[in-house]
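1. Sequence and predicted structure, then a few things I'm wondering about:
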Amino acid sequence: MPVITLPDGSKRQYENALSVYDVALSIGEGLAKATLAGVVDDKLVDASCMIEKDATVRIITAKDKEGLEILRHSCAHLLAQAVKALYPDAEVTIGPVIEDGFYYDFSYKRPFTPEDLEKIEKKMAELAKASQSVTRSVMARDEAIAYFKSINENYKAEIIQDLPEGETLTLYTQGSFTDLCRGPHVPNTSHIKAFKLMRVAGAYWRGDSNNEMLTRIYGTCWADKKALKAYLTRLEEAEKRDHRKIGKALDLFHFQDDSPGIAFWHPKGTALWRVVEDYMRDSNTKFGCTEIRTPLVADLSLWEKSGHAAKYAENMFMTHSEKREFALRPMNCPTCVQVYNYHLHSYRDLPIRMAEFGVVHRNEASGALHGLLRVRSFTQDDGHIFCTESQIEKEVAQMVEQCFEVYRDFGFSEFDIKLALRPDNRVGSDETWDKSEKALSDALQNQGIQFECLPGEGAFYGPKIEFHLKDAIGRSWQCGTIQLDLSMPVRLGANFIDENSEKQVPVMLHRAIVGSLERFIGVLIEHYAGKLPVWLSPVQVVILGVSNKYDECIQKTHQNLLDSKIRSQIDLRNEKIGFKIREHTLAQVPFIAIAGEKEALEGKITVRKQDGTDLGMMSLSEFKHLLDNEIMKKGRVD
C-alpha cells in the first residue's frame, strides 16, 4: 500500500501499485489529461511508470520546464516518424532538445528542401492528431544493435555499439516508428499541438568533418499555439534587431575574410566601444580595482602550468619563434598572476584587485562564428582579486553589487543569477571543489539573492556565478561571471606571507561584468534595436543648416558642443533640409539641431528628437543642459 507524498506535503495512500498517471487521475481528471510525465523520488519518469512503494511524486505538465522539454523531445521523434513515413530510405541519427526547440539529423540521398519541410510538417500534424500511444520498452545492447541493423538504421546501431557491453537500453515506439531514447516522452502524440519546422542545415555525422554530411532539420515546439505564435513574433522582432544588419546600417563595424571572426571597427563603432570601455574603467576604479596590462603572447610553458594547454589546446592559436613555442592567450588569468607574483605580498596587502581590458584569441570553428556574438578575438573586462578565504564573501558581495549597478546603467532591469558547479573535466580535488562551491553559495545566500544551480557547467578550475540578462524582447544573455579559483594560484606559485610569517596560497576570484566587449555591444545594439540611449550613442547630436549661409554658425555650435564633451557632427551638404533630417533620423541620432535665419538672429537652435518630437528653439546652454540630463540618466528605466 504505497504512500505518495505530493509537493505541498500532503500524503495519499493507495491500495495497490499505480502509475504516475493514476496518481494524477486520483487528484483530478483535468490534471490527468494534462499529465506528460512525473518526478518520482527526484527522478524524471514517464507517466506510465509504476510506483510500488512509498515515494514523493510531482506531476509534470506542459506548464513545467521539464514538461516543455519533454514536448520538444517528443516532437523530435514525431519529426523522425514523419520523415520515415514520407522518405522510407532516410536514416535517422540523433535528435536532441535545444534552446526553444529541437533538431534531428538525417542521412538521405539528397538534402531536404523548404518544400519538403512543408510536407513533413503536414505529416507531423496528421500523426499527432491520430493520438498514437507512445510506449517504452527495454532491450539488451546486442539485441538492439541487431534490431536497428535489421530495419536499416545503421547510425543507431553504431551509437549503440559504442556503449558498454551488457548495457540495457530503452526504446520508444509510436505507431510503426521505434527510436532509441532515454526518455521520458509524452503518453501519446495528441499532446504535441503547437510546433513548426524552422529550417534545414548541414551537419557532419558526430561533428567530424571527415564523416558524412547529414541534413539537420530544426524545429520549435510549445505548450500551446498562443505560446508558439508569441515565439514566432519574437523571432521576427529579433530579426529586425539583428546587430549585424544594424551595425552595417549605422556604419559601426564590418567583418571580412582576411580576418575571419574579428571585427573591423569604424569611427562610430569605436566611439561606442570607448563609451563602454571608459564606463567600465570608471566603475572598476570606484570599486577598488587597479588597471594593468599584460602580454598578448606567452611561452607555451605558462599555459601548461595553468592547465589551459591540456584543457584548451584546440582553441588556442600557436606560433613559433627562435625554437620556442608560444600561444596567443585564450584567457587573461595566467598573465595577471605574473603581475601578482612579481612582488612579495603580506596578508596586510590583501585583497589585491586587478582589472584588465585584455584581448584574447580563441580558435572557434568557422561555422560557430556569429557577428559580434561569437568571434575569434575579443576584449574582456577582466578582474582578478587575490584574497584570503575569510575575505571571499565580502569580495563576492562587492562584485555582485558592481554587476547590478552596471547592468542597470546599461538598461537591463531583469537578470537571473545562476551558480555553475563542477564539470567532469576539471582540475583540483573534490575537497577543493566542495569548499569553492560552498563559498560562492554562502555569499549569494547571505545577501538574500535567489539563484539556480547548474550542475556540471563550472569552469575547469572552479565554480562560477553567472549573470543572465533579459533584453527588451525577453531573450536571455549570459554576460558576467564571478569565478572562485583555488587551483590556479597553486599551479602558478602565487602566495602571501600570513600573520605567522608562513607562506600561504591566496584565493583567486575571476570577475568579468560585461564579459566580451564585442559581444556586449552586440547585445546592446539588439536590446535597443539600434536606438541607443543618448549616453551610448556614437553621435549624440547632428547640426544641420537650412542653407550654406549658416555654415559658420553651425561650425561654432559644433565646436562648442565638442568642447563640452558632446559627440557632435555637422552636415554641410547642399541637400534639402528634409532629406538630411530623414537621413539622420534613420541613423538613430538622438537629437538634430537646425540653424536657419531666425535661429542665427536670436543665437539659438531648433531642436528635434529622433522620434520626431519638435522641442522648439532654445539657447545652446539650454540645449547642453538638456543633453547633460539625458546623459546622466544612462539607460536606467527605474
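-> Sure, I can see it.

2. switch to C-alpha atoms for all contacts and neighbour counts from now on
-> Noted.

3. quick one, helices of the stretch 301-450 of the chain?
-> In the stretch 301-450 of the chain, the segments counted as helices under DSSP state H, counting those that start in this stretch are 308-312, 333-341, 392-409, 430-445.

4. list the helices and strands the shortest one packs on?
-> Applying 3 or more Cα pairs under 8 Å, 6 or more residues apart in numbering; DSSP states H and E, one finds that helix 308-312 makes contact with helix 300-306.

5. circling back: reformat the helices of the stretch 301-450 of the chain as JSON lines; add distance to Asn560.
-> Output for the helices of the stretch 301-450 of the chain, formatted as JSON lines (distance: least, Cα to Cα, whole Å):
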{"stretch": "helix 308-312", "distance to Asn560": "51"}
{"stretch": "helix 333-341", "distance to Asn560": "42"}
{"stretch": "helix 392-409", "distance to Asn560": "27"}
{"stretch": "helix 430-445", "distance to Asn560": "48"}
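
6. With mean neighbour count, mean pLDDT and distance to Lys43 added, can I get the ones you listed in JSON lines?
-> Shown next, in JSON lines, are those (neighbours: other Cα atoms under 10 Å; pLDDT from 0 to 100; distance: least, Cα to Cα, whole Å):
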{"stretch": "helix 308-312", "mean neighbour count": "16", "mean pLDDT": "80", "distance to Lys43": "32"}
{"stretch": "helix 333-341", "mean neighbour count": "19", "mean pLDDT": "95", "distance to Lys43": "39"}
{"stretch": "helix 392-409", "mean neighbour count": "18", "mean pLDDT": "93", "distance to Lys43": "34"}
{"stretch": "helix 430-445", "mean neighbour count": "16", "mean pLDDT": "87", "distance to Lys43": "24"}
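
7. For Ala600, find the nearest of those.
-> Among the helices of the stretch 301-450 of the chain, helix 392-409 comes nearest to Ala600, with 37.2 Å by Cα to Cα.

8. Return the residues in contact with Glu153.
-> Contacts for Glu153 (Cα atoms under 8 Å, 6 or more residues apart in numbering) come out as Glu91, Val92.

9. which regions of the chain lie under the pLDDT threshold?
-> Counting by pLDDT under 70, the chain shows low-confidence ranges at 637-638.

10. pull the longest helix from it.
-> Identified as the longest helix of the chain according to DSSP state H is helix 65-86.

11. returning to what we had before: looking at the helices of the stretch 301-450 of the chain, which is closest to Leu601?
-> Leu601 sits nearest to helix 392-409 of all these, at 39.7 Å, using Cα to Cα.

12. how about the closest residue to Leu627 other than its chain neighbours, secondary structure?
-> Closest residue in space to Leu627, ignoring its immediate chain neighbours: Val534 at 7.8 Å, by Cα to Cα, 6 or more residues apart in numbering. Here Val534 is recorded as coil under DSSP: H, G, I helix; E, B strand; the rest coil.

13. Can you tell me how far Val534 is from His558?
-> 17 Å (Cα to Cα, to the nearest Å).

14. now the helices: where do they sit in the stretch 501-638 of the chain?
-> 517-527, 551-563, 577-586, 597-602, 620-633.

15. buried set for the fourth one?
-> Read it as helix 597-602. Glu599 (16 or more other Cα atoms under 10 Å).

16. which other residues reach it?
-> Against helix 597-602 from outside (Cα under 8 Å, 6+ apart): Tyr550, Cys553, Ile605, Thr606, Met617.

17. cutoff 10 Å now
-> 545-547, 549-550, 553-554, 595, 603-606, 617-619 (Cα atoms under 10 Å, 6 or more residues apart in numbering).

18. Show me which of these are buried.
-> So, by 16+ other Cα under 10 Å, the buried ones in those are Gly545, Val546, Ser547, Tyr550, Cys553, Ile554, Ala595, Lys604, Ile605, Thr606, Met617, Met618.

19. tell me which of the residues you listed is nearest to Ala17?
-> For the buried ones among the contacts of helix 597-602, the nearest to Ala17 is Thr606 (80.5 Å; Cα to Cα).

20. hang on, that closest one packs against Thr613?
-> No - using Cα atoms under 10 Å, Thr606 is not in contact with Thr613; the gap is 11.3 Å.

21. And the closest residue to Asn210 other than its chain neighbours, how close does it get to Arg216?
-> Among residues not flanking Asn210 along the chain, Tyr204 sits closest, at 7.9 Å (Cα to Cα, 6+ apart). Here Tyr204 is placed at a distance of 9 Å from Arg216 (Cα to Cα).
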